[in-house]
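[1] show me the folded form of this:
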Amino acid sequence: MILILSFVVTSEAKEKISAFKKELNECFKTDFLKTQSTSLKSVYAELDKRFQLVTTELIARDTEFKENDETRKLKYAEKKLALYRVEDNELLVPINTDLRQKDRLIDTTISQLLIHATMISDYMKTKEVRAGQRFVTVTKADGEITALDISKLGQKKQLFCTRKIDEKGAHDICSCREPK
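    As a prediction, the model looks like this:
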């Protein structure tokens, strides 16, 4: 009787592993084995805590903002910056940005364009290189992380995480698979 009782107690004490955590463990067992990460934000915080940022590169940015009562849209993709004035009918009128791109870093140029702006919407995708040969692609919408792609040099599988929004609310989902 005592033996059976102790078996029941220990089986109840075992932690139920969520599908989210199972995928983390499958891809990066040594990195996330003891973590309590249950969301994109907590996974990124854990990465940031454990693996120092080496470099970061802006891949894409799409920002709508107001400045001096004028709505503007900034688009950055394929290492090219475009700035537009947004008309009342949502038509985008290009503003010349050639001079701004010649001698400055793109991050500096974007920061100067947005320093006095009131943000309306902001989408940004960056690629990070972190210590331990980890590569992280971070996608943010309005400051919230909406997707993470995490890989490690020499490892075949890659972790793809995204935020899914449905009628029940927002859910963070990860899958461990080989990149295409």
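
[2] contacts and neighbour counts: CA atoms only from here.
    Fine.

[3] list the helices and strands the top strand by length along the chain packs on?
    Identified as the longest strand of the chain according to DSSP state E is strand 53-67. Applying 3 or more C-alpha pairs under 8 Å, 6 or more residues apart in numbering; DSSP states H and E, one finds that strand 53-67 contacts strand 70-77, strand 118-130.

[4] average pLDDT for it?
    Mean pLDDT, strand 53-67: 94.

[5] go on, stretch 166-178?
    84.

[6] list the buried residues in it.
    172-176 (16 or more other C-alpha atoms under 10 Å).

[7] give me phi/psi at S111?
    Main-chain torsions, S111, degrees, to the nearest 10: phi -60, psi -40.

[8] what about it, neighbour count?
    Counted with other C-alpha atoms under 10 Å, the neighbours of S111 add up to 11.

[9] please name the residues that touch it.
    S111 makes contact with no residue, according to C-alpha atoms under 8 Å, 6 or more residues apart in numbering.

[10] give me the nearest residue to the residue most central in space within the chain, chain neighbours excluded.
    Nearest to the geometric centre of the chain sits V138, at 2.7 Å (C-alpha atoms, centre = their mean). In this structure, V138 finds its nearest non-sequential neighbour in L148, 4.9 Å apart by C-alpha to C-alpha, 6 or more residues apart in numbering.

[11] same check, this time on L159
    C176 (4.6 Å).

[12] which element is the one you found on?
    Using DSSP states H and E, C176 falls within strand 169-177.

[13] which elements pack onto that strand?
    helix 19-32, strand 158-166.

[14] picking up where we left off before, right, and the residue nearest to L159 touches Q158 too?
    Yes: judged on C-alpha atoms under 8 Å, C176 makes contact with Q158 at a distance of 5.7 Å.

[15] need the overlap of contacts for the two.
    What both C176 and Q158 touch, as defined by C-alpha under 8 Å, 6+ apart, is the set C27.
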